[in-house]
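Chemist: model the following, please.
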Amino acid sequence: MATNRCVLMVLLICSDCAYTGVKGDAIPTFFTSAGGQVTLPCTNVLSEDCSSTTWIYNNGGYSSGTTEEVGHGLVKPNSPTNRSKRLRVASNCSLNIANATAEDVGLYTCQQFLIEGAQQEGDDAPVYLAVLQMSASSEVTEIEPGSEVTLQCLLLTHDKCKRTVENKLKISWVDKENRELHRTSNRHIQTSSVCNITIAEKPVDLKPSERWRSWTCRLTADGQVKASTTYSIQVKASTEILEDRTVFIIVGVLVACLLSTILVIVVICKKRANSERRAQNNVNEIRLCDMASESNQPFANDQSTDDLLYASIDDHLNQEQSTNHARKSPVDTQMYSYLMPPSSDETENRGSVDHGGLYATVQK
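Modeler: This is a model prediction of the structure:
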């Protein structure tokens, strides 16, 4: 009886150890960089055609909930994560993830079900996925020498970089020869945590051939490189800066000349318009003077004033308004009509001549 109790206790202890291994450090972690590709292995495959393989996903510390990404060897097209186009089941039932993003970080578990709705066969085969991500403080693609560039490299894990990978990782900045970068007068490196490192640098003393400047964030685990991501930016040469400034000056001068020309043209046009207006006014004044002079000349000889008959028709037309006119204005108005004696032919043809339409008004 005592022997059975010992065996039972050993089984319980072993069961507890296995449980701790599944949930603790025994779960392997796989790494990739943002935009990269990663393959998560399934170690408990039962059917070679993957018809029994199911992959479930839980993003751990970022949000709660578990989703089924693969069922019986087929990617779920209506998964809530909306990434079915980036998932693929390999021939060995591993899960391939393309174009990895921060949303892919979490716990992936491979399970086996012989038929749909049946109980699970065997144990879980869980793996963690962590993504190395780099971001720049500015989105510019070209800078001048001496301009500062600030980059942040961040490792995203299921537990926000706590216990699981805390003592196994190292993030560092390296150059194109994979030599680790250190602080200098033009370079500042800050490590906020084992999963967060920042660099701020002013590219100076570049060689003429160095048109591009690159920074690489490298992740190592257990002394091995697991992932890396690189950021590159173009640095203008001194001659290009001089050319840009020269072009800017030339454009500024041209614009100033154009504006000055437009201003001169406007002034000239205004002066011409004023001159033409004054000339036209002079012509009108001359015409008025000529007309006034002609009106004071006597009638032609063949039509002497002795032959004209004048008659005052003011009393006839303005009899009712004479009193009002006298009140409104001191100027007397008389209306006269001049009558030309009819010719003999007209006298013969007409008994009388209508002079009602010929009259003039004179103010004095």
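Chemist: name the element T230 belongs to?
Modeler: strand 224-235 (DSSP states H and E).
Chemist: just the CA trace of that strand, in CSV.
Modeler: Taking Å, rounded to 0.1, in the frame of the first residue of the first chain, the C-alpha atoms of strand 224-235 are listed here in CSV:
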residue,chain,number,x,y,z
GLN,A,224,23.3,32.9,-31.9
VAL,A,225,21.8,35.5,-34.2
LYS,A,226,18.0,35.0,-34.3
ALA,A,227,16.8,38.0,-36.2
SER,A,228,17.9,41.4,-37.5
THR,A,229,16.4,44.4,-39.2
THR,A,230,18.0,47.2,-41.1
TYR,A,231,17.1,50.8,-41.7
SER,A,232,18.8,52.7,-44.6
ILE,A,233,18.7,56.4,-45.5
GLN,A,234,20.3,58.4,-48.3
VAL,A,235,22.7,61.2,-47.3
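Chemist: how about P41: what's its closest non-neighbour residue?
Modeler: What sits nearest to P41 in space, not counting adjacent residues and going by CB to CB, 6 or more residues apart in numbering, is S94, at 5.0 Å. Every C-beta, even on glycine, is put in place using the N, C-alpha and C of the backbone.
Chemist: ok, the one you found - contacts?
Modeler: By CB atoms under 8 Å, 6 or more residues apart in numbering, S94 lies in contact with 39-42.
Chemist: who wins for neighbours among those residues?
Modeler: Using other CB atoms under 10 Å as the neighbour test, the contacts of S94 are led by C42, with 23 neighbours.
Chemist: which element, helix or strand, includes that one?
Modeler: Applying DSSP H and E, one finds C42 in no helix or strand.
Chemist: isn't it up against Q111?
Modeler: No. Look at C42 against Q111 with CB atoms under 8 Å: they stay out of range, at 9.0 Å.
Chemist: need the residues touching each of those two.
Modeler: Joint contacts of C42 and Q111 (CB under 8 Å, 6+ apart) are 53, 55, 125.
Chemist: wouldn't the last one be in contact with C42 here?
Modeler: Okay, so that is A125. Yes. Between A125 and C42 a contact is recorded at 5.6 Å, counting by CB under 8 Å.
Chemist: overlap in contacts, these two.
Modeler: C110.
Chemist: point out where the stretch 151-300 of the chain drops to low pLDDT.
Modeler: For the stretch 151-300 of the chain, applying pLDDT under 70 flags the ranges 164-167, 205-210, 238-248, 285, 288, 290-300.
Chemist: and if we set it to 90?
Modeler: For the stretch 151-300 of the chain, the stretches with pLDDT under 90 are 158-169, 175-178, 185-186, 193-194, 202-214, 221-223, 233-261, 263-300.
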